[in-house]
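A.B. asks: Need a 3D model of the following:
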Amino acid sequence: MRTRRIGDVQVSAIGLGGMPMSIEGRPEESRSIAAVHAALESGVTLIDTADAYHLYADDEGHNESLIARALATYGGDTSDVLVATKGGHIRPGDGSWTLDGSPSHLKQACEASLKRLGVEAIGLYQFHRPDPTVPYSDSVGALRDLLDEGKIRMAGISNANPEQIREANDILGGRLASVQNQFSPAYRSSETELRLCDVLGIAFLPWSPLGGSSKAGELGSSHSAFAQVAEAHGVSPQQVALAWQLAKSPIVIPIPGSSRPETARDSAKAVDLELTEAEFAQLDAA
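C.D. replies: Model (predicted):
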């Protein structure tokens, strides 16, 4: 599989998002683990998770633990797999999402993630979402401390605007490795952040690159241009959407969520789909 870089680490050009395996509608664990194994077999070496990917109050870190079990039970070599996780977003267990970007919480959350993932240092740790009650510099400062302490190997931010990207990179001394924002055929408002990351050489990781787990299957019917290009190549509209994002910049690494082996394999194939300049322009204008 083709590769791209996050910081100084080479990873697959397509990642795997673990969120659908652990929140509402999550499947049996065996199917989710099979999906992770299918992604690994397809050459995927980037897996994205978060401590907030769970359902119940006593279920915190469900997806991190699941990913750790999937890696431990995989028969092949996983030494080159980068697991990216996040902290600062909280699910109390009542279906809601809240925020805690305080340095004390982020450091405690990182310690808990280290234990669940069973590693000495987290490959990529990301501040999940800005907390309006905490100065952004304080939250990112916690990531800087974790970097300096060797608890994490790379630091990233998520759901960030251009000002926050620049501020985070300054606070981290130019060590901001990634920005994870929502981006898909239906949601393009992060184009500005993508372009800024391109200029700065920071990896841009689109979350929900197919429109979200509940809408990914409808991508072709919702976006006719992607369906037309898919038909011309004999592939799925989902592959076309991922290939379109990859063609935007070499810093883009989409992380489609999956909980089924067949969709994990299909997404991985997008790295081999070459779009013509005319097709890319058609999709970009759609």
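
A.B. asks: Show me where the stretch 151-286 of the chain has its helices.
C.D. replies: Secondary structure of the stretch 151-286 of the chain (DSSP state H, counting those that start in this stretch): helices located at 162-171, 191-200, 219-222, 224-233, 237-248, 261-268, 277-285.

A.B. asks: So which of these is nearest residue 54?
C.D. replies: When these are compared by C-beta to C-beta, helix 261-268 sits nearest residue 54, at 20.6 Å. Every C-beta, even on glycine, is put in place using the N, C-alpha and C of the backbone.

A.B. asks: next one: the closest one to chain centre, how far?
C.D. replies: 16 Å (C-alpha atoms, centre = their mean, to the nearest Å).

A.B. asks: Against which helices or strands is that helix packed?
C.D. replies: Under the contact criterion of 3 or more C-beta pairs under 8 Å, 6 or more residues apart in numbering; DSSP states H and E, helix 261-268 touches helix 29-41, helix 237-248.

A.B. asks: and those helices, which is most packed in?
C.D. replies: Highest mean neighbour count of the helices and strands packed on helix 261-268: helix 237-248, a mean of 24 (counted as mean count of other C-beta atoms under 10 Å).

A.B. asks: Mind checking the pLDDT average for that one?
C.D. replies: Mean pLDDT, helix 237-248: 98.

A.B. asks: Okay, angle between that helix and helix 277-285 too, please.
C.D. replies: 100 degrees (axes from the mean of the first three to the mean of the last three C-alpha atoms, to 10 degrees).

A.B. asks: just use 12 as the starting number from now, easier for me
C.D. replies: Yep, numbering from 12; the last one is helix 248-259 now.

A.B. asks: List the contacts of helix 248-259.
C.D. replies: 24-25, 194-196, 205, 217, 220-221, 227, 230-231, 234, 237-238, 240-241, 244, 263, 265, 267, 274, 277-278, 280-282, 284-286, 291, 294-295 (C-beta atoms under 8 Å, 6 or more residues apart in numbering).

A.B. asks: Quick one: closest of the helices of the stretch 162-297 of the chain to residue 119.
C.D. replies: With C-beta to C-beta as the measure, helix 173-182 is the member of these nearest residue 119 (20.0 Å).

A.B. asks: tell me which residues of the closest one are tucked away?
C.D. replies: Neighbour-count burial for helix 173-182 flags 175, 176, 178, 179, 180, 182 (criterion: 16 or more other C-beta atoms under 10 Å).

A.B. asks: Show me the two of those residues that sit farthest apart.
C.D. replies: Checking the buried residues of helix 173-182 with C-beta to C-beta, the most distant pair is 176 and 182, at 11.1 Å.

A.B. asks: List the residues that contact the spatially closest residue to residue 178 that is not a sequence neighbour.
C.D. replies: Distances taken as C-beta to C-beta, 6 or more residues apart in numbering put residue 147 closest to residue 178, at 6.2 Å, once the chain neighbours are dropped. Residue 147 sits next to 112, 141, 175, 178, 179 when contact means C-beta under 8 Å, 6+ apart.

A.B. asks: measure the third one to residue 109 for me?
C.D. replies: Yep, that's residue 175 we're talking about. 19 Å (C-beta to C-beta, to the nearest Å).

A.B. asks: just the fourth one next, same as before
C.D. replies: The gap separating residue 178 from residue 109 is 23 Å, by C-beta to C-beta.

A.B. asks: repeat for the second one
C.D. replies: Distance, residue 141 to residue 109, by C-beta to C-beta: 13 Å.

A.B. asks: Out of the helices of the stretch 162-297 of the chain, which is closest to residue 56?
C.D. replies: Taking C-beta to C-beta, helix 272-279 is the member of the helices of the stretch 162-297 of the chain nearest to residue 56, at 10.6 Å.

A.B. asks: Just the CA atoms of the closest one, as PDB, please.
C.D. replies: Output in PDB follows, covering the C-alpha atoms of helix 272-279 (Å, rounded to 0.1, in the frame of the first residue of the first chain):
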ATOM      1  CA  PRO A 272     -14.200  -6.600   7.100                       C
ATOM      2  CA  GLU A 273     -15.600  -5.900   3.600                       C
ATOM      3  CA  THR A 274     -15.800  -2.200   4.100                       C
ATOM      4  CA  ALA A 275     -12.400  -2.000   5.600                       C
ATOM      5  CA  ARG A 276     -11.000  -3.900   2.600                       C
ATOM      6  CA  ASP A 277     -12.900  -1.700   0.100                       C
ATOM      7  CA  SER A 278     -11.600   1.500   1.700                       C
ATOM      8  CA  ALA A 279      -8.000   0.300   1.600                       C
END
